[in-house]
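Chemist: Fold the following and give me the result.
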Amino acid sequence: MKKYVLFFLTLILYSSIGFSQETKEKEESFEEIIWHVKAYMPELKFLKVKAIDKDGNIHDVKAIQNSEQTSIMDVKAFVNGKRLPIKMLVDGGKYYGVKAIDDDGTIIDIKAITDNGDLLPVKGVSQSGNIVHIRAIYEDMIYYNVVAISPNGKTNAVKGVKMNMESVETTVNGVQVFAHIKAIPQAKY
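Modeler: As a prediction, this is how the structure comes out:
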């Protein structure tokens with residue numbers, strides 16, 4: 001009986017090692033997919049969402065799919081050849097500011113841009129448990145959802161995600177963070 005148990009445990013061990021190696025090889029061979037980040041208006045019109053530095057330079061904001069799964073993806077600002085984290089900041093205002101954070105702690109605005117060039121702030125406006133809802137805000141009264149769109153048309157919602165209920169989630173390059181910004185599947189109603 002012990003021989004069978006030992007054989008069975010050995011078989012499980014070798015199977016799990018093979019599965020682990022296969023998964024690792026599959027992840028290493030996956031070519032990342034870059035999703036566009038946009039705010040959308042009810043009339044099915046999309047607004048660009050961009051990072052805008054203090055000099056007025058405009059940089060891309062993208063969601064990054066780095067494996068087969070699309071359940072949770074990082075959202076980054078592509079600034080001067082670097083991918084900067086985008087976070088929701090602890091700032092004590094009416095809403096939570098959504099900003100990119102450079103390596104030296106410089107904060108870069110995240111804005112939606114209308115067709116006529118108006119810049120709309122992108123902010124966390126309300127919280128449901130661990131999820132903070134993000135909107136582009138027009139004149140402090142009209143809110144546009146922010147989404148990530150894959151090259152083949154799939155969409156994820158861009159949301160703030162909290163891992164704990166403390167007001168300061170973490171500190172990134174000296175900047176206090178309220179929530180992490182991720183692209184996650186949209187709720188189905």
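Chemist: Would you map out the domains in the chain?
Modeler: Per the record, the chain has its domains at 1-30, 31-184, by automatic domain parsing.
Chemist: hey, where'd the helices end up in this protein?
Modeler: 2-29 (DSSP state H).
Chemist: picking up where we left off before, pick the most buried one from the domains of the chain.
Modeler: Of all the domains of the chain, domain 31-184 carries the top mean neighbour count, a mean of 17, counting by mean count of other CB atoms under 10 Å. C-beta coordinates here come from the backbone N, C-alpha and C atoms, glycine included.
Chemist: For that domain, measure first residue to last.
Modeler: Domain 31-184 has an end-to-end distance of 20 Å (criterion: CA to CA, to the nearest Å).
Chemist: Against S71, how distant is the spatially closest residue to A187 that is not a sequence neighbour?
Modeler: Among residues not flanking A187 along the chain, A157 sits closest, at 7.6 Å (CB to CB, 6 or more residues apart in numbering). A157 is 12 Å from S71, where distance means CB to CB, to the nearest Å.
Chemist: go on, P185?
Modeler: Counting by CB to CB, the gap from P185 to S71 is 6 Å.
Chemist: Just the endpoints, please. Distance across stretch 39-56?
Modeler: Stretch 39-56 has its terminal residues 20 Å apart, counting by CA to CA.
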